[in-house]
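[1] this one's structure only:
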């Protein structure tokens with residue numbers, strides 16, 4: 001390499017360093033402006049506050065819960081019945097340790113004292129975790145009814161194993177039924193983290209506050225929305241794109257949303273709701289054994305044993321030239 005080339009390289013290196021330093025010198029001022037914006041009440045931060053439950057940790061916990069709910073289906077080991085108590089004991093012990101930490105963080109966050117070593121909060125976190133673990137046989141039974149409903153309702157299903165391994169509706173219901181029990185226990189943040197994780201993966205949005213009876217089957221599932229105050233009976237089947245939502249959002253005299261009232265419909269036993277149907281309103285009741293056709297928009301109640309369909313559209317067939 002000639003001297004001229006070496007000189008040019010040195011000049012480029014020096015120039016690059018000058019430019020780099022010129023822009024880097026502006027970073028401290030930007031940092032100060034960002035930090036100062038944390039004092040703006042119109043913005044949000046979580047400074048000087050207790051730690052909140054970890055979304056990443058809860059995703060790992062969901063995998064543990066799946067393994068406990070469906071032993072032998074997930075994970076990288078074969079589970080023999082002779083070692084089943086050992087296997088479940090190991091999984092439940094790990095689950096207890098990890099979930100109690102997240103529930104404790106949730107309780108500390110809500111209690112407002114922000115004492116991360118609060119013995120009372122830690123004890124309650126462990127108590128609530130035990131309550132949840134005690135419900136696992138019940139959750140397993142409910143999920144079994146969902147798997148059977150999927151098999152009975154889908155002629156494409158070849159086996160229960162296929163449904164458990166691959167059906168997005170069963171994954172969504174596994175997460176929902178677990179999150180719902182935590183929601184019933186009054187645990188904040190965590191149930192919503194769980195169901196929104198499932199939502200992000202399979203496109204099925206079920207609020208953990210919804211009440212869903214046994215034998216619930218979501219066929220295909222993409223785009224299904226089930227609101228917080230929905231009440232769904234036994235042996236209900238819904239297809240992709242179904243929305244069970246709120247008709248309106250009532251406000252109080254100060255203009256704030258009224259929370260806690262029933263805003264979403266009630267679906268009674270043995271109802272079928274076909275794809276892209278929308279059913280809205282807290283006073284709307286779909287009577288038992290009714291069938292709601294595809295693309296129907298409903299804001300009023302339907303008596304039992306009713307079939308609701310939209311008028312067949314007028315189609316135009318043209319010869320292709």
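    Alright, I've got the coordinates. If you're wondering where the values come from, they're calculated on a predicted model, not measured in any experiment.

[2] how about the helices in the stretch 51-200 of the chain?
    55-69, 84-111, 119-134, 136-153, 160-166, 168-184, 190-202 (DSSP state H, counting those that start in this stretch).

[3] who are the contact partners of the spatially closest residue to residue 282 that is not a sequence neighbour?
    Among residues not flanking residue 282 along the chain, residue 262 sits closest, at 3.8 Å (Cβ to Cβ, 6 or more residues apart in numbering). Any C-beta I mention is one placed from the backbone N, CA and C, and that applies to glycine too. The contact partners of residue 262, by Cβ atoms under 8 Å, 6 or more residues apart in numbering, come to 229, 282-283.

[4] quick one, phi psi at residue 262?
    For residue 262, the backbone dihedrals (degrees, to the nearest 10) come out as phi -70, psi 120.

[5] can you list the domain ranges for the protein.
    49-203, 223-321 (automatic domain parsing).

[6] straight-line length of the shortest one, end to end?
    The reference is to domain 223-321. 37 Å (Cα to Cα, to the nearest Å).

[7] from residue 188, how far out is residue 102?
    11 Å (Cβ to Cβ, to the nearest Å).

[8] neighbour count: these two, which is higher?
    residue 102 (23 against 15; other Cβ atoms under 10 Å).

[9] where does the protein dip in pLDDT?
    1-4, 6-11, 14-15, 18-20, 48, 50, 76-77, 112-117 (pLDDT under 70).

[10] and if we set it to 50?
    Residues of the chain meeting the criterion pLDDT under 50: none.

[11] sorry, back to before: nearest to residue 289 among the contacts of residue 262?
    Of all the contacts of residue 262, residue 283 has the smallest distance to residue 289: 20.3 Å, by Cβ to Cβ.

[12] what about that closest one, how many residues close to it?
    12.

[13] check contacts around it.
    Here residue 283 is in contact with 262, 301 (Cβ under 8 Å, 6+ apart).

[14] which strand or helix spans it?
    In the assignment (DSSP states H and E), residue 283 maps to no helix and no strand.

[15] how close does the spatially most central residue of the chain get to residue 173?
    Residue closest to the average C-alpha location in the chain (Cα atoms, centre = their mean): residue 195, at 1.3 Å. As judged by Cβ to Cβ, residue 195 and residue 173 stand 10 Å apart.

[16] okay, and the common contacts of the two?
    In contact with both residue 195 and residue 173: residue 206, using Cβ under 8 Å, 6+ apart.

[17] list the contacts of the closest residue to residue 287 other than its chain neighbours.
    Leaving aside its chain neighbours, residue 287 sits nearest to residue 304 (3.4 Å; criterion: Cβ to Cβ, 6+ apart). Shown here is residue 304, whose contacts under the criterion Cβ under 8 Å, 6+ apart are 268, 287-290.

[18] before we move on, back to that, quick one: which of the helices of the stretch 51-200 of the chain is nearest residue 308?
    Among the helices of the stretch 51-200 of the chain, helix 136-153 sits nearest to residue 308 (Cβ to Cβ), with 19.6 Å.
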